[in-house]
Every structure is written in structure tokens, then in C-alpha cells.
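S.K.: The sequence isn't on hand, but the structure is:
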């Protein structure tokens, strides 16, 4: 069956941390390692609730910074410093735009409730996708099978017709369990090379 859709992860693929210095300084300020800070933001109880849409992004940041007793200005600075080294790969986004309309495209992200606003108004990349599926909006996150199924249903394609691109092995495995084709992102060059194989309707 020919490929007709490409489903892209955001964090670690289209948006990647290029400079860890501001995040490292932030962690050190509060007596944490960078790994501990990232675990607090993404994998703490609050982080999981935020990615499942059980609490808002604002509430999540308030919850995890409450022990630090930040002023309102410091609260904003905390978030800015955490994300300060992240960069959007505009070249990769333009590649996604070039796939349309021959192929359908989707963004599938485990993320907080404020992501859609960032996609539409900070990065201005919503035009690259036919569908945008955010875990906080649908109440389920990768690698749960349901979030892939939601994405496929919105795209109106079968699993065998779609290619999923992500940087986390467990998310790739979740897609493969549903019979989606996949590309495990390690860097843009490798991903574009594997993408070309699918664009010529050949299996790797």
C-alpha cells in the first residue's frame, strides 16, 4: 500500500535544544542537575498531568516552581530560561510544507495546553500540517495506541499508509505496534535520507 501521510513529532525533531547553557544555569541556581530539572518539567506528576490536559500549562509551571518562591518576574524568567536554547528547524518545516498536497501531514506531540498557541503565533507553522494532535487536548499521550489512532482517523488514512517520525524509541515502537511505518529521528540528514525512500514508494 502506497504511503499517503507523514506524521511528525515536535520536540526533539522540529524543535530541538541547540544550547543547553541557559537550562544548565537555571538548574544550578536551584541546586538541581539539568537532568533533574528536565525530569521536573516533563516527567513529574505535574508534568504528566499537564501533558494529559488534566491541568493547564500555567498551573503546571506554578506547581513545579512553588518550592522556589519566585516573584512574578522570576516565574516568567524561569520558563524563558528553560526554553531559551530551543530552536525551530525551519528547513525541516519547509520540507514538510513541500510534501503537501501530494501527501497529508500531521503534527503529533506530547505537550502542554499552550502548544497550539505557540505553533500558530510564535512559530507560525500551522500551515505545514493538515492535522495537529496535542496530547493535552486529546487526553492521551504517546506511546499509547489511542493517540496514534486519533491522528490516523483525523487524516483518514490506514496505519500502513502513514509514516511516523519521532526521536524517542518507545514512541517509534508504539507506532510500529499499530503497523505504521516509521523513521527514528537522530538528525535531520539521516531523517531526510530515510524520508526520500518513502517518497519514492519504496520500503527501507
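M.R.: Yep, it's here. Since the model is a prediction, treat every value here as computed from it, not as a measurement.

S.K.: ranges for the strands of this protein?
M.R.: Counting by DSSP state E, the chain has strands at residues 5-8, 15-17, 86-88, 104-109, 131-134, 162-166, 181-184.

S.K.: Throw those strands into JSON lines and include mean pLDDT, mean neighbour count and distance to residue 36, thanks.
M.R.: All C-beta spots, glycine's among them, are computed from the backbone N, C-alpha and C. Formatted as JSON lines, the strands of the chain follow (pLDDT from 0 to 100; neighbours: other CB atoms under 10 Å; distance: least, CB to CB, whole Å):
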{"stretch": "strand 5-8", "mean pLDDT": "98", "mean neighbour count": "24", "distance to residue 36": "29"}
{"stretch": "strand 15-17", "mean pLDDT": "98", "mean neighbour count": "18", "distance to residue 36": "16"}
{"stretch": "strand 86-88", "mean pLDDT": "97", "mean neighbour count": "14", "distance to residue 36": "19"}
{"stretch": "strand 104-109", "mean pLDDT": "98", "mean neighbour count": "24", "distance to residue 36": "23"}
{"stretch": "strand 131-134", "mean pLDDT": "98", "mean neighbour count": "21", "distance to residue 36": "26"}
{"stretch": "strand 162-166", "mean pLDDT": "98", "mean neighbour count": "25", "distance to residue 36": "24"}
{"stretch": "strand 181-184", "mean pLDDT": "97", "mean neighbour count": "20", "distance to residue 36": "26"}
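
S.K.: thinking residue 119 is in contact with residue 132, fair?
M.R.: Yes: contact criterion CB atoms under 8 Å: residue 119 and residue 132 qualify, at 6.5 Å.

S.K.: re earlier: out of the strands of the chain, nearest to residue 123?
M.R.: Evaluated over the strands of the chain, closeness to residue 123 peaks at strand 86-88, with 5.3 Å, by CB to CB.
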